[in-house]
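> Sequence and predicted structure, then a few things I'm wondering about:
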Amino acid sequence: MKTRKAPLVIGLALVAAAFLLPQLWLLSVSLKTKAGVYEYPPRWLPESASLANYAFVLSRTQVPTYLANSAKVALLATLLTLGVGIPAAYVLSRERFKRRDGVLGSLVAAQMVSPVVLLVPIYGLIAALRLLDTHTGLALVYGAVQVPFTIIVLKTFFDALPPSVLEAARLDGASRWVTLRRVALPLIAPGLAATATFNLAAYWSEFALSLVLLDTQSRFTIPIGLFSFQSGYETEWNLVAAASFLGLVPVMAGFALLQRFFVAGLTAGAVKG
């Protein structure tokens, strides 16, 4: 058995290394001086490692503002997405109506269209709503873009629920809304958390839409802030690396804290309830 698993373990280790090495190098650069960045041969562990770059970024730049803006937009967009996606997914999973398959096909097709292709009409729509250069307008666009993905993913979790659990609630007199809120949602909590985490990560790292819809630097999210940060500080890569690593920390922390939800058994949760 160990011999059979060896190729799998090696493959997983290589994949993990491919993802971790760039982040470790980013951390290494963020601890170097400006001269140390161009040192040859490069060092993974700089001799004069220091947190001075982080102190400079946090105290003398707008990076804390960018991080706060990203958190605000990502949380608002996630709430909007789940607010629309949860009831829609539940209806598509548990209700039978005409053209249901057509709706599902449209959602899949919409998910395949890149929002970059729709930048011009999106800009025109947000301008008509007078929401340009606002976090509200950006959150609305983010939510609209991710709704198809959210509905499709959550529908699979609702599909996996034992029909008898929901039917028992309905027989006890619970309405559709009460059944969804008190029975279905607790049972799909792992899937709900996983979907919310994926959406948060997507909103946190999005660049193109925020670049088009935001103009004021004090409203920039972290990807746009880092883009302007490079030119504003003459591309001092040690400072850029420190700011970039600070932008990665919330995403990595979120996945670390919620990783158990990705492997939680949906059917096991239903049986325990």
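Great, that's in hand. Model, not experiment: these values are computed from the prediction. Numbering: from 1, shown residues only.
> in this protein, which helix or strand is least confident?
Lowest by mean pLDDT, DSSP states H and E among the helices and strands of the chain is helix 266-272, with a mean of 40.
> On the three-state scheme, Thr235 is what?
Here Thr235 is coil, with the state taken from DSSP: H, G, I helix; E, B strand; the rest coil.
> just Leu161 next, same as before
coil.
> The residue lying closest to it once chain neighbours are set aside: neighbour count?
Excluding the flanking residues, the one nearest Leu161 by Cβ to Cβ, 6 or more residues apart in numbering is Leu187, at 5.8 Å. Where you see a C-beta, it was placed from the backbone N, CA and C, and this is true even at glycine. Here the number of neighbours of Leu187 (other Cβ atoms under 10 Å) works out to 23.
> Against Phe149, how distant is Leu187?
Computed as Cβ to Cβ, to the nearest Å, the Leu187 to Phe149 distance reads 21 Å.
> before we move on, what about Ala16?
25 Å.
> again, but for Arg99
21 Å.
> Could you check which of these two has the larger neighbour count?
Set Arg99 next to Phe149 and count neighbours by other Cβ under 10 Å: Phe149 wins out with 19 against 9.
> From what I see, the more buried one and Gln111 are in contact.
Yes. Contact criterion Cβ atoms under 8 Å: Phe149 and Gln111 qualify, at 5.4 Å.
> who's in contact with the residue lying closest to Ala71 once chain neighbours are set aside?
Closest residue in space to Ala71, ignoring its immediate chain neighbours: Pro250 at 7.1 Å, by Cβ to Cβ, 6+ apart. Pro250 sits next to Leu67, Ser70, Ala71, Trp204 when contact means Cβ atoms under 8 Å, 6 or more residues apart in numbering.
> In the protein, where is pLDDT below threshold?
Within the chain, the stretches with pLDDT under 70 are 1-3, 230-234, 259-273.
> 90 instead, please
Where the chain drops to pLDDT under 90, the residues are 1-53, 60-61, 91-119, 153, 156-198, 201, 205, 217, 225-241, 248-273.
> By residue count, what's the longest helix in it?
Longest helix in the chain by number of residues (criterion: DSSP state H): helix 63-94.
> helices or strands up against it?
Applying 3 or more Cβ pairs under 8 Å, 6 or more residues apart in numbering; DSSP states H and E, one finds that helix 63-94 makes contact with helix 100-111, helix 135-159, helix 189-205, helix 222-232, helix 237-263.
> and of these, who's closest to Leu31?
The closest of the helices and strands packed on helix 63-94 to Leu31 is helix 237-263. By Cβ to Cβ, the value is 8.0 Å.
> now that closest one against helix 189-205, angle please.
Using axes from the mean of the first three to the mean of the last three Cα atoms, to 10 degrees, the direction of helix 237-263 lies 160 degrees away from that of helix 189-205.
> Helix 237-263: which residues count as buried?
By neighbour count with 16 or more other Cβ atoms under 10 Å, helix 237-263 contains the buried residues 237-247, 250-251, 254, 261.
> Going by neighbour count, list what's buried in stretch 30-42.
Neighbour-count burial for stretch 30-42, counted by 16+ other Cβ under 10 Å, picks out Ser30, Leu31, Lys32, Thr33, Gly36, Val37.
> For the most centrally placed residue in the chain, give its distance to Trp177.
Closest to where the C-alpha atoms of the chain average out (Cα atoms, centre = their mean) is Ala201, at 1.7 Å. Counting by Cβ to Cβ, the gap from Ala201 to Trp177 is 30 Å.
> who touches Thr179 in this structure?
Applying Cβ under 8 Å, 6+ apart, the residues near Thr179 are Leu166, Ala169, Arg170.
> quick check, nearest of the residues you listed to Tyr142?
Using Cβ to Cβ, Leu166 comes nearest to Tyr142 of the contacts of Thr179, at 31.1 Å.
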